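# Fold the following for me, if possible:
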Amino acid sequence: MDINRQFLTDLFKSGLAAADPLKVLPPHLPPRPKGRTIVIGAGKAAAAMTKAVETDWQGDLSGFAVTRYGYGMETDRIEIIEAAHPVPDDAGTHAAKKILDAVSDLTPDDLVLFLISGGGSSLLSLPAQGVTEEEKRAINKALLKSGMPIHEMNCVRKHLSAIKGGKLALAAHPARIVTLVISDVPGDDPAAVASGPTLPDATTQQDALSILKKYDIPISDTARSWLLDPAHETSKPGDKRFSGHETKVIARNRDALEAAAAYAASQGIRPVILGDAIEGEARTVGAEHARLARDSMDRAPCVILSGGETTVTVRGNGRGGRNTEYLLAAAMEAAGNKRIYGIACDTDGIDGSEDNAGAIFTPDSLSAAHIKGIDAQKCLENNDAYAFFEASGGLVVTGPTFTNVNDFRALLVLPRRF
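Numbering: from 1, shown residues only. Prediction:
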């Protein structure tokens, strides 16, 4: 493998290692309660988080965790349920019902240990009363295609759910809840991860209606009536039923970027972290970052690191996710510049709904794709970045990573020759 490509691969692996639940979760486990301990998990990292608890917990445990198909692990005491992502299915609804049943009839002496990570919004799916499964899935598909930021998407999800936006915590009342969060959202607001099932919700029904109107997403009269009824508003910060609970963010995008920066420095390459909460249209951000790399005047190699969550407004019918679209735009802007290499991957191992975590581009990527009859511009216009990187040999396939701290992006800039 090309030495520069290998460096980018190792850089990504160092970021993943910094967010490994088996390493980062155990130090944050709470003391044993007087009563029962119920473990609930939701998200792409839920199985690994559950495994970490089982390995280190001294005492009895019971409960359930729901994760994406293929992301399960062998556990002894906590049942792992696999369900669909990003569009919910019946398995996710089944899991949500079992989880609600598991936290009912608890006492103040009991502990609910809630393990939350990105992907939980789709995996822990239970529509609000009167909203059908079919409509909830149709709305979710429209949200994913709209290009809206994740905080707007999750606002709508919370207000059309029977379990998100703090409703799981209310079902577990009066038990104490400790929520451990692996964050995949810009800003690391715990209430935004998986739409905050155990945390009060600062957004409103009117916010949700405004977002649906802004992106022209249709809903049924029944769903609209639900959102217009004040009795169905989510619980807000200050609600005493949330008092005594504890929430900790145990891994975040910044951790992955800082680990990658440390690795780069150990290899004699200067790291520059642009930020861990970068949002915007993926192709726009990719082009901007490539211009920054192209204009670099460093006499020594550097690597430009960034994280966060870009969005893709879907206009074509191609394959790919936000990371490959970001990287395709960056490769096009770099235009074969011999000084620039790049990687962009989702730390959960899946970019969009394909089988790859993301991709790598090299100075030869455009020509390699062109030889196989693949036009980069047409791929970008058709949201078909997967086809481009499949042709150029740039796909990064990791399989399940069992964590999820959002997007990881790096542009390696070699020294300019004078």
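
# only C-alpha atoms for contact and neighbour calcs from this point on.
Noted.

# Mind naming the longest strand for the chain?
Counting by DSSP state E, the longest strand found in the chain is strand 270-278.

# list the helices and strands that strand packs on?
helix 253-266, strand 302-308 (3 or more CA pairs under 8 Å, 6 or more residues apart in numbering; DSSP states H and E).

# hey, which of the ones you listed is tucked in deepest?
strand 302-308 (a mean of 24; mean count of other CA atoms under 10 Å).

# Export that strand to PDB, keeping only CA atoms.
C-alpha atoms of strand 302-308 as PDB (Å, rounded to 0.1, in the frame of the first residue of the first chain):
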ATOM      1  CA  CYS A 302       0.800  18.500   7.700                       C
ATOM      2  CA  VAL A 303      -2.600  16.900   8.100                       C
ATOM      3  CA  ILE A 304      -5.800  18.900   8.300                       C
ATOM      4  CA  LEU A 305      -8.300  17.100  10.600                       C
ATOM      5  CA  SER A 306     -12.000  17.800  11.000                       C
ATOM      6  CA  GLY A 307     -15.100  16.200  12.400                       C
ATOM      7  CA  GLY A 308     -18.800  16.900  12.900                       C
END
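
# Heading C-terminal from that strand, find the next helix or strand.
helix 322-334 (DSSP states H and E).

# Quick check: mean pLDDT of the next helix or strand after that following helix?
Toward the C-terminus, helix 322-334 is succeeded by strand 340-346 as the next helix or strand (DSSP H and E). Averaged across strand 340-346, the pLDDT comes to 98.

# now for the helix or strand following strand 340-346, which elements pack on it?
Next along the chain after strand 340-346, taking DSSP H and E as the criterion, comes strand 358-361. Counting contacts by 3+ CA pairs under 8 Å, 6+ apart, strand 358-361 packs against helix 322-334, strand 340-346, helix 385-392, strand 395-396.

# CSV for the helices and strands packed on strand 270-278, including distance to Lys158 and mean pLDDT?
Converted to CSV, the helices and strands packed on strand 270-278 look like this (distance: least, CA to CA, whole Å; pLDDT from 0 to 100):
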stretch, distance to Lys158, mean pLDDT
helix 253-266, 23, 98
strand 302-308, 21, 97
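
# For the helix or strand of the chain with the lowest mean pLDDT, which outside residues touch it?
When the helices and strands of the chain are compared on mean pLDDT, DSSP states H and E, helix 133-146 comes out lowest with a mean of 89. With contacts defined as CA atoms under 8 Å, 6 or more residues apart in numbering, helix 133-146 is touched by 87-88, 126-127, 153, 157, 160, 215, 217-220, 312-314.

# cutoff 6 Å now
Around helix 133-146, the neighbours that count as contacts under CA atoms under 6 Å, 6 or more residues apart in numbering are 313-314.

# now the angle between helix 133-146 and the helix or strand that it is followed by, please.
Later in the chain than helix 133-146, the nearest helix or strand by DSSP H and E is helix 150-159. Counting by axes from the mean of the first three to the mean of the last three CA atoms, to 10 degrees, helix 150-159 lies at 170 degrees to helix 133-146.

# before we move on, the earlier item: buried sites along the least confident helix or strand of the chain?
133, 136-140, 142-144, 146 (16 or more other CA atoms under 10 Å).

# Please enumerate the helices of the stretch 1-150 of the chain.
Secondary structure of the stretch 1-150 of the chain by DSSP state H, counting those that start in this stretch: the helices cover 3-17, 21-24, 46-56, 90-102, 120-123, 133-146, 150-159.

# so which of the ones you listed is the most packed in?
Ranked by mean neighbours (mean count of other CA under 10 Å), the helices of the stretch 1-150 of the chain are led by helix 120-123, with a mean of 29.

# Might you report the residue contacts of Ile217?
Going by CA under 6 Å, 6+ apart, the list of residues near Ile217 is empty.
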